[in-house]
Every structure is written in C-alpha cells, then in structure tokens.
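J.: model the following, please.
(one chain, ligands or ions: 1)
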Amino acid sequence: MSQDWVDLRSDTVTRPTPAMRRAMAEAEVGDDVYGEDPTVNALQEEAARLMGKEAALFVPSGTMGNGICVKVHTQPGEEVLCEATGHVYWFENASMAVLSGVLPRLVAGDHGILDPQKVREAIRPAVYYFPRPALLCVENTHNMGGGTCTPVKTCEALGAVAREHGMAVHLDGARIFNAAAALGVNVKEIAAPFDSVQFCLSKGLCAPVGSMICGSKAFIDKARVFRKMFGGGMRQVGILAAAGLVALREVVPTLPEDHRRARLLAQALAVHPNFSVDLDWVQTNIVMAKVRPPMTSAQACAALKTRGVLASPASAAAVRFVTHHDVTDAGLDRALEALEKPL
Ligand SMILES: *Cc1c(COP(=O)(O)O)cnc(C)c1O
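T.: Just a heads-up that it's a prediction; the model follows:
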C-alpha cells in the first residue's frame, strides 16, 4: 500500500511508529475504570503538564472528547457559539444537539479564525426567552479553514469575550501541536485562555487511537462521569496510552517537517493549471486547493489517483491535501511529479 500511493487524504491515516508498537507491547496496564492503569495515568499527567492544566483524561476519539466537554460546560436548552465551518458543527453527527441538547450558533471566521468582535456581537443578551449562551468553541488549527492558526493574542481576546458574558470557552485543539509549531509558541500559551482543551493523538501524532481532554481537576472529575456514560470508559487501555506517550515525545518534534512539505506541495499547486492556492493561508500541514472550473474536486481527485496520489474533496470546488509523518520526502517528490502536467 505505502509503495503504491502517496496518501494525502488526511493525517488520520498515519500508522503507529515502530517505537509505538514496542511501547504498546511492553506497556504496564491496569483497569482504567478503577483509575489503576499506570500508563494511562502517566499519559494524563503528561498531557496536563504540557497544556498547563490541572488534569487530563484519555478518551477514545476527538469527537467523544469534544462531546464530553460540551456536556460538562452546558445545560440542555443553552447555546454554543462555534465557527461556521468548525468540526464540532460539521463532522460530529449533531453530537452537541443529541448528547447535550444545546443549540449551535454559528459565527463565520476568516479561514476559520474567529474575530472576537464578531463573537461579542453574536452573544445574545440575558433575556428569559433567549437560549443562554453557555459556551464558545474555538478550533486551532482550523481544519476546514485549511490548517490555519489562531494567534495567541486572538485566543486570549476570545477567552476574555466569553468570560465577560459568563460563558465557558473550549478549544478543539485536535491539531494544537501543529498550531504551536507554526506560531513558534509553547502549546501552553495557546491553551491558557481555555477552560478545556481537546487534542488528538491519532492524527499527525501517529498514535493508533485516542484524544486527551484537559482542564481543571473539578472539570475532569465531571468529564470522567460523562466519558463512562458515553461508553468511553475502557479497561487495560495503557496499551493505547503507551503509543500516546511516544507520540508526545517523539512525533511532536517532527511536525515542522510536515509543514515544510505542505508548503512545497502548496507552491506546486499554486502554479498548476487546474488549481489555485492562496499561499498566505497555508500555515501548517493542510493545503486547501481550489479547482478551476469546469473541473470538479471529485474529478481532480480521480485524476490524481490515476497518478498514485490520494487527496480528498473538501467541497465541490476544493481539494484538501494533508501532509503527515508517513509522507516522506520521497512521497512528496512523487506527488510533485504527479503535478508536473495538467490533469
Ligand atoms: C479529527 C478532528 C476531530 C475529531 O477527532 P476524531 O478522533 O476523528 O473523532 C475534532 N476536531 C477536529 C478539528 C478534527 O480535525
């Protein structure tokens, strides 16, 4: 498989590294529903330390992590402000509506980056017949925005707006380490303004399964209850947490390489006759390329596939390319070669 294709569909396709597989085989384990898995406990401590929060919880997926955080922060009938193309709104099967009974309220960002002033304007006044705005969700990096980074100052301003109005603020930081690498800051600085943070171990970080949610000790105590309620309480899950620890230690430092390759790919797409790319908005490991009509994104992906390159349609008119740990320089060269001629 890896010989036949360069797989740029998503960073979720990364496979565990050899070091992860060894760590998984040798992991010390216990029953994590009893809080007795030493490897899970070590990963949770490490995640909390890295994010600058009191506590953390291992969860099976980013979707469950976001769902638990929304649940802890809200009551049924309240409102959650989120970016119009945000993951929590688009790709989580109406989780917030079904599991938390809350109403999403969309605020359009610039390439996914929210403007604190626009958020302020969208917050309803406290009138009894309006749903109470309870939570603001921010996504950094922003997936559909093209892997864009919300700068620390903007995160702080968004946190301040939420707090002014008595709202909690959650960070969908599925790719927070990509944001930190691109912004040249510590992840802690990005996480600081938020009451809760979710990040994925299973995307560009190569772990096979899992996300972390981080927050205050009181927050995580409540989150653990909903993790069990949602079916995410697992037993000897240190087998998976072991891979997460390797991800944080060994894969995080390699993310700038993914960003370098994404930029080279974006530069090739920007001059390709079938695509256009705004290079200013290529900031991390995601490249959103507009397809020039009359070609559709599905047709472009099909044509690329015949040349051994897998990418995915992000809309009818845009193709998403994602670099990751399993796309080496050789893989990138192969993709660049496929882009030498018109489709
Ligand atoms: C992938 C992703 C998630 C969800 O993670 P899963 O583990 O796939 O459920 C949440 N938010 C963002 C921004 C993502 O890219």
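J.: quick one, longest helix in the protein?
T.: helix 255-270 (DSSP state H).
J.: burial measure for Lys118, as a count.
T.: The tally of other residues near Lys118 (other CB atoms under 10 Å) stands at 14. For every residue, glycine as well, the C-beta is placed using N, CA and C.
J.: what helix or strand does it sit in?
T.: helix 116-122 (DSSP states H and E).
J.: list the buried ones in that helix?
T.: 116, 119-120, 122 (16 or more other CB atoms under 10 Å).
J.: repeat for stretch 152-160
T.: Here stretch 152-160 shows 152, 154-155, 157-159 as buried, counting by 16+ other CB under 10 Å.
J.: same thing with stretch 224-240?
T.: 224, 226-227, 230, 232-234, 236-240.
J.: what residues does the protein have near the ligand?
T.: Proximity of the chain to the ligand (CB under 6 Å from any ligand atom) is limited to residues 61-63, 66, 87, 139, 143, 172, 174, 200, 202, 211.
J.: ok, now with 8 Å
T.: Contact residues, the chain versus the ligand (CB under 8 Å from any ligand atom): 12, 60-66, 86-88, 91-92, 139, 141-143, 172, 174-175, 198, 200, 202-203, 210-211.
J.: okay, now the closest residue to the ligand within the stretch 1-150 of the chain: neighbour count?
T.: Residue nearest to the ligand within the stretch 1-150 of the chain: Gly62 (2.3 Å; CB to the nearest ligand atom). Neighbourhood size, Gly62 [other CB under 10 Å]: 27.
J.: that one and Arg260, how far apart?
T.: Separation of Gly62 from Arg260 (CB to CB, to the nearest Å): 25 Å.
J.: cool, Ala318 as well?
T.: Following CB to CB, the distance that separates Ala318 from Arg260 is 22 Å.
J.: same question, Glu46
T.: Glu46 is 27 Å from Arg260, by CB to CB.
J.: could I get the contacting residues of the closest residue to Thr150 other than its chain neighbours?
T.: Spatial nearest neighbour of Thr150, chain neighbours left out: Asn140 (4.5 Å); criterion: CB to CB, 6 or more residues apart in numbering. Asn140 makes contact with 149-150, 155, 171-173, 175-176, 179, 190, according to CB atoms under 8 Å, 6 or more residues apart in numbering.
J.: can you pull the pLDDT of Asn140?
T.: Looking at Asn140, its pLDDT is 98.
J.: could you do the one 3 residues further on as well?
T.: Taken from the predicted model, the pLDDT recorded for Asn143 is 98.
J.: and it, backbone torsions?
T.: phi -60, psi -60 (degrees, to the nearest 10).
J.: now do the SS call for the closest residue to Val59 other than its chain neighbours.
T.: Closest residue to Val59 apart from its sequence neighbours, by CB to CB, 6+ apart: Gly65 at 4.5 Å. Recorded secondary structure, Gly65: helix (DSSP: H, G, I helix; E, B strand; the rest coil).
J.: residues near Gly65, how many?
T.: Quick note: Gly65 (other CB under 10 Å) scores 30 neighbours.
J.: that one and Gln198 touch, don't they?
T.: Yes - under the criterion of CB atoms under 8 Å, Gly65 makes contact with Gln198 at 3.9 Å.
J.: name the residues contacting each of these two.
T.: 59, 211-213.
J.: top of those residues by neighbour count?
T.: Ile213 (31 neighbours).
J.: check which helix or strand that residue maps to.
T.: strand 211-215.
J.: quick one on the thing from earlier: among the residues of the chain next to the ligand, which ones are buried?
T.: 60-66, 86-88, 92, 139, 141-143, 172, 174-175, 198, 200, 202-203, 210-211.
J.: okay, and which of those residues map to helices?
T.: Counting by DSSP H, these contribute 62-66, 87-88 to helices.
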